[in-house]
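Asker: Provided below are the primary sequence and the corresponding predicted coordinates.
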Amino acid sequence: MPQLADVIAILEAHYPPSSAESWDAVGLACGDPAADVRRVLFAVDPVEAVAEEAIQWGADLIVTHHPLFLRGVHGVPATTPKGRLVHRLISHGVALYTAHTNADSAGDGVNDALAGALGLRGLRPLNPHAGEQLDKLVVFVPEPDTARVLDALTAAGAGVIGDYERCAWMTSGTGTFRPGPGANPTIGEVGAVEEVPEHRVEMVMPRGSRTGVVAALIEAHPYEEPAYDLYELATLPAGTGLGRIGALDEPETLRSFTRRVAAALPATVGGVRAAGDPERLVRTVAVCGGAGDSLLDTARRAGVDVYVTGDLRHHPVSESLDNGGPALVDVAHWAGEWPWLERAADRLRADMADAGTRVETRVSVAPTDPWTLHEPSRPAGALVPEGGTSPER
């Protein structure tokens with residue numbers, strides 16, 4: 001039977017904690033890594049209804065998208081709502097694990113699931129993470145010493161490309177120099193021009209290893225003053241990041257697209273709202289599960305036709321439309337993140353099977369959208385309440 005640590009290892013292979021935003025709190029909130037896990041419940045929110053469902057089903061682990069503790073706490077007494085939840089879970093042997101913004105950013109994570117539910121194709125991140133920062137080292141080495149210097153640079157972290165190491169480009173040429181007074185040349189004599197067959201060696205390295213690589217170069221190089229250059233390489237976008245951009249197979253009106261969104265997501269009291277011309281044609285779409293008004297300008301710069309997200313507010317929406325931004329579709333925060341749960345559950349179950357073991361998975365049936373009542377408004381344009389009087393005088 002798998003242990004909790006085994007399940008966490010699979011989750012973190014798909015949703016690396018290192019890719020979470022700096023303000024986030026992801027990972028194991030409670031539970032013993034050595035405990036056995038047979039059943040795993042997936043949910044958006046770590047709330048009482050979800051905990052009760054897990055206990056009744058006999059779950060050993062709850063995986064939620066939202067953290068229980070997003071900010072630091074000094075205790076978890078059972079006199080507080082979150083403390084009561086922790087005590088209840090622990091007393092029933094239920095662990096709690098969170099994958100939040102790391103699941104937002106990951107491939108096949110929250111935003112890929114939302115985009116897939118809406119039928120989008122050709123997905124790419126809306127706000128991509130920066131790729132790895134790399135330097136390139138260029139050094140000139142006497143030909144008989146090249147292999148030794150290459151080995152030293154490799155041991156210090158240079159020359160790794162994907163699954164390959166000791167990667168280098170070498171060309172042959174002639175180095176020339178004249179040692180000055182006070183020099184102690186390895187080759188040649190003070191005051192005499194020297195020409196030496198040398199290799200020009202080029203290797204990439206993570207920027208964080210720059211100091212160690214240069215120190216290894218100076219230690220291994222035969223020259224008293226080795227000649228080398230360091231270049232900072234351009235940082236290219238990674239394939240992960242917040243939000244997604246994709247396209248519909250065929251353009252449709254904003255009115256039709258809004259109906260598409262409402263049909264694809266779980267029903268909520270608040271429903272789905274749209275801002276923009278209802279007859280505007282939509283082809284390119286940006287999405288961000290959860291609350292995404294921080295990416296309104298990013299969506300505008302991307303030139304998409306519509307942006308789908310949650311928790312949109314009056315003033316940012318109005319300003320975005322006035323600033324030439326896309327049409328906007330506002331969905332319930334919970335609903336925009338819910339499509340990920342089934343994907344995450346399926347992926348965990350499949351990976352456990354590949355590892356020669358199994359767990360049962362289940363997506364919570366508890367609707368955790370906090371809104372419980374919606375009264376339809378009067379028809380658009382009807383500013384005067386029934387039985388009221390016009391404000392005009």
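Answerer: Happy to help now that I have it.
Asker: With A130 as the reference, measure out to the residue sitting nearest the centre point of the chain.
Answerer: In the chain, the C-alpha nearest the mean C-alpha coordinate belongs to S105, at 2.2 Å (C-alpha atoms, centre = their mean). Going from S105 to A130 by C-beta to C-beta, to the nearest Å gives 12 Å. Quick note: C-beta positions are derived from backbone N, CA and C, even for glycine.
Asker: quick one: common contacting residues for the two?
Answerer: Residues within reach of S105 and of A130 at once, by C-beta atoms under 8 Å, 6 or more residues apart in numbering: there are none.
Asker: surely the residue nearest to the centre of the chain meets S18?
Answerer: No. Applying C-beta atoms under 8 Å, one finds S105 not in contact with S18, separated by 10.5 Å.
Asker: domains of the protein?
Answerer: Listed domain ranges for the chain are 4-103+339-363, 110-129+241-331, 134-232 (source: automatic domain parsing).
Asker: right, so of those domains, which gets closest to R378?
Answerer: Smallest distance to R378 across those (C-beta to C-beta): 15.8 Å, for domain 110-129+241-331.
Asker: Span of that closest one from start to end?
Answerer: In domain 110-129+241-331, first residue to last residue: 14 Å (C-alpha to C-alpha, to the nearest Å).
Asker: so how far is that domain off the chain centroid?
Answerer: Domain 110-129+241-331 sits 19 Å away from the centroid of its parent chain (C-alpha atoms, centre = their mean, to the nearest Å).
Asker: Averaged pLDDT, that domain. What do you get?
Answerer: Average pLDDT, domain 110-129+241-331: 97.
Asker: Repeat that for stretch 336-350.
Answerer: Averaging pLDDT along stretch 336-350 yields 97.
Asker: Could you do stretch 159-175 as well?
Answerer: The predicted model assigns stretch 159-175 a mean pLDDT of 94.
Asker: how much distance is there from that stretch to the middle of the chain?
Answerer: Centroid separation for stretch 159-175 versus its chain: 32 Å, with C-alpha atoms, centre = their mean.
Asker: what's the closest of the domains of the chain to L373?
Answerer: Of all the domains of the chain, domain 110-129+241-331 sits nearest to L373, with 6.2 Å by C-beta to C-beta.
Asker: And the helices in the stretch 151-300 of the chain, which stretches?
Answerer: Remark: helices assigned in the stretch 151-300 of the chain by DSSP state H, counting those that start in this stretch are 210-220, 254-264, 296-302.
Asker: Residues contacting the last one, please?
Answerer: Pointing back at helix 296-302 there. Contact partners of helix 296-302, identified using C-beta under 8 Å, 6+ apart, comprise 126-127, 243, 245, 286, 307, 316, 320, 323-326, 328.
Asker: between the residues you listed, which is closest to W169?
Answerer: Nearest member of those to W169, counting by C-beta to C-beta, is N127, at 33.9 Å.
Asker: I'd say that closest one and G241 touch.
Answerer: Yes. With contact defined as C-beta under 8 Å, N127 counts as touching G241 (5.1 Å).
Asker: related to what we said a few turns ago, as a markdown table, the helices of the stretch 151-300 of the chain with mean neighbour count and distance to R362 would be great.
Answerer: Output for the helices of the stretch 151-300 of the chain, formatted as a markdown table (neighbours: other C-beta atoms under 10 Å; distance: least, C-beta to C-beta, whole Å):
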| stretch | mean neighbour count | distance to R362 |
| --- | --- | --- |
| helix 210-220 | 17 | 48 |
| helix 254-264 | 18 | 21 |
| helix 296-302 | 18 | 34 |
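Asker: Nearest to S22 among the ones you listed would be which one?
Answerer: Using C-beta to C-beta, the nearest of these to S22 is helix 296-302, at 18.0 Å.
Asker: out of the contacts of helix 296-302, which is most surrounded?
Answerer: Y307 (30 neighbours; other C-beta atoms under 10 Å).
Asker: which ones among the contacts of helix 296-302 are found in helices?
Answerer: 316, 320 (DSSP state H).
Asker: Strands - which of the contacts of helix 296-302 land there?
Answerer: In strands, judged by DSSP state E, the following of the contacts of helix 296-302 are found: 126-127, 243, 245, 286, 307, 328.
Asker: Nearest to T79 among the residues you listed?
Answerer: For the ones in strands among the contacts of helix 296-302, the residue nearest T79 by C-beta to C-beta is G243; the value is 39.2 Å.
Asker: so the closest one touches R124, yeah?
Answerer: No. Using C-beta under 8 Å, G243 is not in contact with R124, being 9.7 Å away.
Asker: Contact partners for G31?
Answerer: 4, 61, 94-97.
Asker: and G131, how many neighbours?
Answerer: Neighbour count for G131, taken as other C-beta under 10 Å: 14.
Asker: I'm done for today, thanks for sticking with me.
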